[in-house]
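Q: I'd like to go over a predicted model; first the sequence, then the structure.
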Protein chains: 2
Amino acid sequence: MAMNAPASEHASANRGRQHRVRLPSPYRFHAGGELPEATLAVETWGSLNAARDNAVLLFTGLSASAHAASTAEDPSAGWWEGLIGPGRALDTDRYFIVCANSLGSCFGSSGPGDTDPATGRPYGYAWPELRVEDIARSAQAAVEHFGIDVLYAAIGASLGGMSVLAHAALFPGRARRLASLSGTMTASAFAIATRALQREMVGTALAGGAIDLGLAFRYARKVGMLSYIGAALLENRFAHATGSQAIGASGTRFEVESWLDHQAQKFAARFDPWSFWYVSRAMDLFEFGAFGREPGTGTTHFGLKLEQALVIGVHEDQLFPLGQQAEIAAMLKAEHVPTRYVDLSSPYGHDAFLVEDRMFAPLLAEFLDGPAGQRDKSPF
Amino acid sequence: MAMNAPASEHASANRGRQHRVRLPSPYRFHAGGELPEATLAVETWGSLNAARDNAVLLFTGLSASAHAASTAEDPSAGWWEGLIGPGRALDTDRYFIVCANSLGSCFGSSGPGDTDPATGRPYGYAWPELRVEDIARSAQAAVEHFGIDVLYAAIGASLGGMSVLAHAALFPGRARRLASLSGTMTASAFAIATRALQREMVGTALAGGAIDLGLAFRYARKVGMLSYIGAALLENRFAHATGSQAIGASGTRFEVESWLDHQAQKFAARFDPWSFWYVSRAMDLFEFGAFGREPGTGTTHFGLKLEQALVIGVHEDQLFPLGQQAEIAAMLKAEHVPTRYVDLSSPYGHDAFLVEDRMFAPLLAEFLDGPAGQRDKSPF
């Protein structure tokens, strides 16, 4: 596969590449339904070694693309630019990093916003019901596409934290290590209430109800922002300050309103409402417990085959609260997986993993490489 | 004033009554504008004593009526039914309790949803800009209507906590004691962001924008509920449970969705969207600091004349966080007001004052009567 696009300095240094992986056809979904032709947008950084045992799979949050770091084709910074690269926590001199845009999303992977050839319009509700299991299975298909038999590690944050657990249960032994950052085994009632309200707004508009789609999507994003971000951060940044913008429908012009408006506009411009609705629903429907087997012993067993695990939670996270992180760690330990559990404090709340590189980098480096000082001794 | 309606047992025991108080005409608003005829819906319980020194004024939250307890005319339970009555924390055998429906609200007080005689339609944006100061001033007018020179105490929760501070600053010496429950001197950026989003939804619909008014009002209530209630409470009550209702625009049917739907329907059926928009804006625009005088000394002084104060906050309150309660207490102490500050823990979060009678009752009883055991020695 030749690099046709001009490479930036970053992208050539980390040897980032874009791929489009064809999924097995027809592609069958976990809850029923299938697609004749489905593809997954994937980006990779670094090189697969000869033993093919240095691959690290990344699962993303709800609205992220596969662009976790710059590539030859797209030199713009990715959502984990600070963590992926030569000498960085996810060291592209050592690891072959694979990040898949979730199935159902809208950044090159097949999704419900795609044009249905039968109608010439978006599939919409005609697309199969998406589950987290489909996100995990399709990413595993991409892994196999690269000829990787066993992953060195799989890492996921937020929705990715659900996907990485699903992957471990569906494909025991296909990843040696697992890292879950601000993830969960099952959404909390508060998270469900928040996301169901967002989907109600967007879904009402998509169904032709009494709200404009653009308006609904922006409202939904604002509801989301209020649940992602820590109140202390908003207070430090905006307090009671007013801006110079025109007074709109709220009757006020606080700076925090401008900021929310900007976030909502940006999101609505880049994300597809059908993808949002589908992936959000998948998050709420996910139940890791369904993978459990209880052979009359009264205990739940998931049959995970992992050599090591890292679980990170953030105290200020309202959406994936700390208690859920402790539950993941306890489950892993009950599966006899040596597990490190770390609780961080960050005003960024649920978004901390996207912002707090300094907190996450050493934890992820140690998770992959072993304790500091071991870094130069390659595990390969 | 004769009792014409049949009195319930409760109402006759606490001698509850409804009143409609005419405000001075024209009624001038803090930020400009006036109304030719304005009225305030007021309810009272107990009797004013001969010295007229046993009156307690209650300020309400955003959406409450003056019906804090049952009355002769309305024997239904009020929003503080468990706290108001003979022998209760707000003892109607000892105190004359006065509760005003906020100016701008829709339960008998003049508000922007009233019909404008000039147009035959609701005033809407033609109504004067409402401020918390107007809520405090109009309630004081009601107090004077009853011939009360000095209140024994003024109590307010939530918006009422802002109103009671405004009252203390606007009318120093007209209330001897002050209790602020889950109030604030200024809204937090998170609270502003939440309420501004609610007003954007409702305001867009009221201005004829691209969303149905009923839909906007229900969405706004859901956004509010998610900020009022503690996540732990939702988790304990609903977790991941699904109900039997039809799947709607959200694509799911979790029980927490049904509950939110029910809350939103109930709210939209009883509250006026214009009142919601006006009173919500007043909350965001409130700045207690504006009452401060700094005569070159570098210190802020509010000139409060209070004999005693009680400040209560709730640890789980996201909307009026504990730090704001501590700030109120610190401000009162700086004003040389003997102040008791209590922080409670309740899964009901901001709504705790409406639910946790057992926590609030002893604190309010002691605030009014002095330490337990003193209760039988009347302060009058």
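A: Ah, there it is. Numbers count the residues shown, from 1 in each chain, chains lettered A, B, ... in the order given.

Q: next, the buried residues of stretch A:144-154.
A: Going by neighbour count (16 or more other C-beta atoms under 10 Å in any protein chain shown), the buried part of stretch A:144-154 is A:146, A:148, A:151-154. Heads up, the C-betas are built off the backbone N, CA and C, glycines and all.

Q: residues in the stretch 101-250 of chain A within reach of chain B, list them.
A: Applying C-beta under 8 Å from any C-beta of the partner chain, one finds that the stretch 101-250 of chain A approaches chain B through A:186-190, A:192-194, A:196-197, A:199-201, A:203-204, A:207, A:209-212, A:215-216, A:219, A:222-223, A:226-227, A:231, A:234-235, A:237-240, A:248-250.

Q: show me which of these are buried.
A: A:186-190, A:192-194, A:196-197, A:199-201, A:203-204, A:209, A:211, A:215-216, A:219, A:222-223, A:226-227, A:231, A:234-235, A:238, A:240, A:248-250.

Q: thinking again about what came up before, and the furthest pair within the buried residues of stretch A:144-154?
A: A:Phe146 and A:Ala153 (14.8 Å; C-beta to C-beta).

Q: count of residues packed around the residue lying closest to A:Thr71 once chain neighbours are set aside?
A: Distances taken as C-beta to C-beta, 6 or more residues apart in numbering or on different chains place A:Gly16 nearest to A:Thr71, at 3.2 Å, with adjacent residues excluded. By other C-beta atoms under 10 Å in any protein chain shown, 30 other residues sit near A:Gly16.

Q: quick one, what contacts A:Gly16?
A: By C-beta atoms under 8 Å, 6 or more residues apart in numbering or on different chains, A:Gly16 lies in contact with A:10, A:43-45, A:69-72, A:92.

Q: which single one of the residues you listed is nearest to B:Ala329?
A: For the contacts of A:Gly16, the nearest to B:Ala329 is A:Ala69 (49.1 Å; C-beta to C-beta).

Q: distance of that closest one from A:Cys106?
A: Per C-beta to C-beta, to the nearest Å, A:Ala69 is found 20 Å from A:Cys106.

Q: what do you get for A:Glu34?
A: Distance from A:Glu34 to A:Cys106, by C-beta to C-beta: 20 Å.

Q: the two: which has the busier surroundings?
A: A:Cys106 (24 against 11).

Q: could you list the domains of chain A?
A: Following automatic domain parsing, one finds the domains of chain A at A:9-186+A:291-369, A:191-284.

Q: any chance of those in TSV, with mean pLDDT and distance to B:Phe271 too?
A: As requested, the domains of chain A are arranged in TSV below (pLDDT from 0 to 100; distance: least, C-beta to C-beta, whole Å):
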stretch	mean pLDDT	distance to B:Phe271
domain A:9-186+A:291-369	95	26
domain A:191-284	96	17
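
Q: out of those, flag the one nearest B:Ser76.
A: domain A:191-284 (28.8 Å).

Q: quick one: end-to-end length of that closest one, please.
A: 8 Å (C-alpha to C-alpha, to the nearest Å).

Q: format the CA atom coordinates belonging to stretch A:354-371 as PDB.
A: The C-alpha trace of stretch A:354-371 is given here as PDB (Å, rounded to 0.1, in the frame of the first residue of the first chain):
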ATOM      1  CA  LEU A 354      -8.900  13.400  26.000                       C
ATOM      2  CA  VAL A 355      -7.200  16.200  27.800                       C
ATOM      3  CA  GLU A 356      -5.000  15.100  30.700                       C
ATOM      4  CA  ASP A 357      -2.100  13.600  28.700                       C
ATOM      5  CA  ARG A 358       0.200  14.000  31.600                       C
ATOM      6  CA  MET A 359      -2.000  11.900  33.900                       C
ATOM      7  CA  PHE A 360      -2.700   9.100  31.400                       C
ATOM      8  CA  ALA A 361       0.600   8.900  29.600                       C
ATOM      9  CA  PRO A 362       2.700   7.300  32.400                       C
ATOM     10  CA  LEU A 363      -0.100   4.900  33.300                       C
ATOM     11  CA  LEU A 364      -0.500   3.700  29.800                       C
ATOM     12  CA  ALA A 365       3.300   3.500  29.200                       C
ATOM     13  CA  GLU A 366       3.700   1.400  32.300                       C
ATOM     14  CA  PHE A 367       0.700  -0.800  31.400                       C
ATOM     15  CA  LEU A 368       2.300  -1.500  28.000                       C
ATOM     16  CA  ASP A 369       6.000  -1.600  28.900                       C
ATOM     17  CA  GLY A 370       6.100  -2.600  32.500                       C
ATOM     18  CA  PRO A 371       7.400  -0.400  35.400                       C
END
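
Q: I appreciate the help and will end here.
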